[in-house]
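1. Structure of the sequence below:
(one chain, ligands or ions: 1)
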Amino acid sequence: MSDKTYGFETLSVHAGAAPDPATGARAQPIYQTTAYVFDDADHAAALFNLQTVGFIYSRLTNPTNAALEARLATLEGGRGCTVASSGHAAQVLALFSLMQPGAEIVASSRLYGGSLQQMRNTYPKFGWKAEIVDADTPDNFKRAVTANTKAFFIESLANPGGVVSDIEAIARIAEDAGVPLLVDNTLATPYLCKPIDYGATLIVHSTTKFLSGTGTSMGGAVVDSGKFDWSQGTNGGTRFPSLAGPEPAYHGLNFYETFGDMAYTFHSHAVGLRDLGPSQAPFNAWLTMLGIETLGLRMERHCANAARVAAHLEKHPAVAWVNYAGLPSNKYHQLAKKYLPKGAGSVFTFGVKGGYDVGVKVVDGVELFSHLANIGDAKSLIIHPASTTHRQLSDEQRVAAGAGPDVLRLSIGIETVEDIIADLDQALEKATA
Ligand SMILES: *Cc1c(COP(=O)(O)O)cnc(C)c1O
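-> Numbering: from 1, shown residues only. This next block holds a predicted model:
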């Protein structure tokens, strides 16, 4: 099918998945195989030289994963995609092609707690440095740029705070600085937000969340817009030697010269997945493909339910504040209207009067909601970040990340909205009795 003429919902069902040429199977087959037979020695050599596209070994590529990659690239409006075993694996993979020891990124302080953890404590072990800035002031990115900066990293809609980033403003600063803007689009999904339209270079996903949609499958993805000039340089050399210089990890191949707008995606497979090894299981890719078929329908309901719940909580006597960008009272409402016109997602936080103790009682009191560390399930989910996902951070870092002691994070599911509201009401009543 030619992708250009179809709408988002059509592409969600069809992109990347033609009927199986061997059997006519209409559903995407699961290629549960480790390796692929070569036609002959010349074919094998051509595959290893990246002179022909095909399958060698499932750590690098797999036909089921390739179908998911094609679908995600299409939905994000990108050129290529690489799937990985988890969202965090995708983040490492996304940066791997750009970074080297001594390289820096500039990242938003509003990122998912796990991402901040990864950047603050694990990236330094690779010799990578993350400068964390308040993204509410886009100029903070400009101020943090050095000669070693290789990327900016933000979330379109941040987890857990309901914070919306000014993607276009930050993309402009990235362009001036000659670095790619990476946008974690996990909470928005391409149904609600298309960061590439606003100048983002690379999109990362935890497909674990709304894309797979039912809390069954870990996965991640990196989508490349194909629009970045990797050969642009500093001091006469390229800023991205792995992509636009002779890559010693692939017998001196210059990926950008050879593959142009597919350089980044080829590098992520041929070197990133090959050497780091975080490949996605084909079964997970298959479940995620299936999930994406209903993405638009689910997101519509997720957003409608979340808007109702947020409006209800805002008036609730036991609730101190609600941070949902879909509420007109919210600080990020104007940005949400621009970047998330179809809805502000279904993950948001609210504060309970009575702080930490009441927060813990609410998560113990819910009956329909599940108390767990995930988001983006069809089921409604709740967590108290200060005692769980964000407990590794200092008090100051927790507040900066929107995860103070009174904060509860909700991921509103697609159940009957009255049931969702009734469950929160009874839990709040018990917790404050
Ligand atoms: C969950 C999440 C991640 C990490 O993804 P995993 O699949 O859990 O590794 C990264 N970013 C955001 C915004 C997330 O919500």
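2. Only C-alpha atoms from now on, for both contacts and neighbour counts.
-> Will do.
3. Run through the bridge partners of the residue in the stretch 151-300 of the chain that the ligand sits nearest to.
-> Nearest to the ligand in the stretch 151-300 of the chain, going by Cα to the nearest ligand atom, is S206, at a distance of 4.2 Å. Beta-bridge partners recorded for S206 (DSSP bridges): G220.
4. quick one: contacts for the residue in the stretch 1-150 of the chain positioned nearest to the ligand?
-> Per Cα to the nearest ligand atom, the residue of the stretch 1-150 of the chain with the smallest distance to the ligand is G87, at 3.3 Å. Listed by Cα atoms under 8 Å, 6 or more residues apart in numbering, the contact partners of G87 are V204, H205, S206, T207, T208, M218, G219, G220, A221.
5. domain parsing for this protein?
-> Using automatic domain parsing, the domains assigned to the chain come out as 8-290, 296-432.
6. Reformat the ones you listed as CSV; add mean pLDDT.
-> Shown next, in CSV, are the domains of the chain (pLDDT from 0 to 100):
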stretch, mean pLDDT
domain 8-290, 95
domain 296-432, 94
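7. Report the separation between the residue of the stretch 1-150 of the chain closest to the ligand and E168.
-> The gap separating G87 from E168 is 23 Å, by Cα to Cα, to the nearest Å.
8. residues in this protein within reach of the ligand, list them.
-> Proximity of the chain to the ligand (Cα under 6 Å from any ligand atom) is limited to residues S86, G87, H88, Y112, N159, T186, S206, T208, M218, G219, G220.
9. Work out for me the element the third one sits within.
-> Under DSSP states H and E, the secondary-structure element containing H88 is helix 87-96.
10. Not counting the very next helix or strand once past that helix itself, show me its contacts.
-> Next in sequence after helix 87-96, counting helices and strands by DSSP H and E, comes strand 104-108. Contacts with strand 104-108, where a contact means Cα under 8 Å, 6+ apart, come from 128-135, 141, 144-145, 148-155.
11. now, which of these lie within strands?
-> Counting by DSSP state E, the contacts of strand 104-108 place K129, A130, E131, I132, V133, T149, K150, A151, F152, F153, I154, E155 in strands.
12. Tell me how many other residues crowd the first one.
-> K129 is surrounded by 22 other residues when neighbours are defined as other Cα atoms under 10 Å.
13. measure the nearest residue to it once chain neighbours are set aside to F255 for me?
-> Sequence neighbours aside, E104 is the residue nearest to K129 in space, at 4.6 Å (criterion: Cα to Cα, 6 or more residues apart in numbering). For E104, the distance to F255 (Cα to Cα) stands at 22 Å.
14. same deal with V407?
-> With distances taken as Cα to Cα, V407 is found 46 Å from F255.
15. Of the two, give the one with the bigger neighbour count.
-> Taking other Cα under 10 Å, V407 and F255 do not tie; V407 has more neighbours (31 against 24).
16. Need the three-state assignment for the closest residue to the more buried one other than its chain neighbours.
-> Distances taken as Cα to Cα, 6+ apart place G351 nearest to V407, at 4.5 Å, with adjacent residues excluded. Classification of G351 using DSSP: H, G, I helix; E, B strand; the rest coil returns strand.
17. L410 is in contact with G351, correct?
-> No - assessed by Cα atoms under 8 Å, G351 is found out of contact with L410, at 11.1 Å.
18. any shared contact partners between these two?
-> With Cα under 8 Å, 6+ apart, G351 and L410 have no common neighbours.
19. Is the nearest residue to E131 once chain neighbours are set aside bridged to anything, and to what?
-> Leaving aside its chain neighbours, E131 sits nearest to V106 (4.7 Å; criterion: Cα to Cα, 6+ apart). Beta-bridge pairing for V106 (DSSP bridges): E131, F152.
20. got it, and L408?
-> According to DSSP bridges, the residues that bridge with L408 are F350.
21. That one and T388 touch, don't they?
-> No - judged on Cα under 8 Å, L408 makes no contact with T388 at a distance of 10.8 Å.
22. Which one's more surrounded, those two?
-> Under the neighbour definition other Cα under 10 Å, L408 and T388 were set side by side, and L408 has more, 27 against 11.
23. For the more buried one, give its distance to the ligand.
-> 15 Å (Cα to the nearest ligand atom, to the nearest Å).
24. what residues are up against that residue?
-> T349, F350, G351, V352, G359, I382, I383, H384, P385.
25. let's see 10 Å
-> 160-161, 322, 348-352, 355-356, 358-360, 362-363, 382-386 (Cα atoms under 10 Å, 6 or more residues apart in numbering).
26. do the same with Q392
-> By Cα under 10 Å, 6+ apart, the neighbours of Q392 are G113, G114, Q117, A386, R398.
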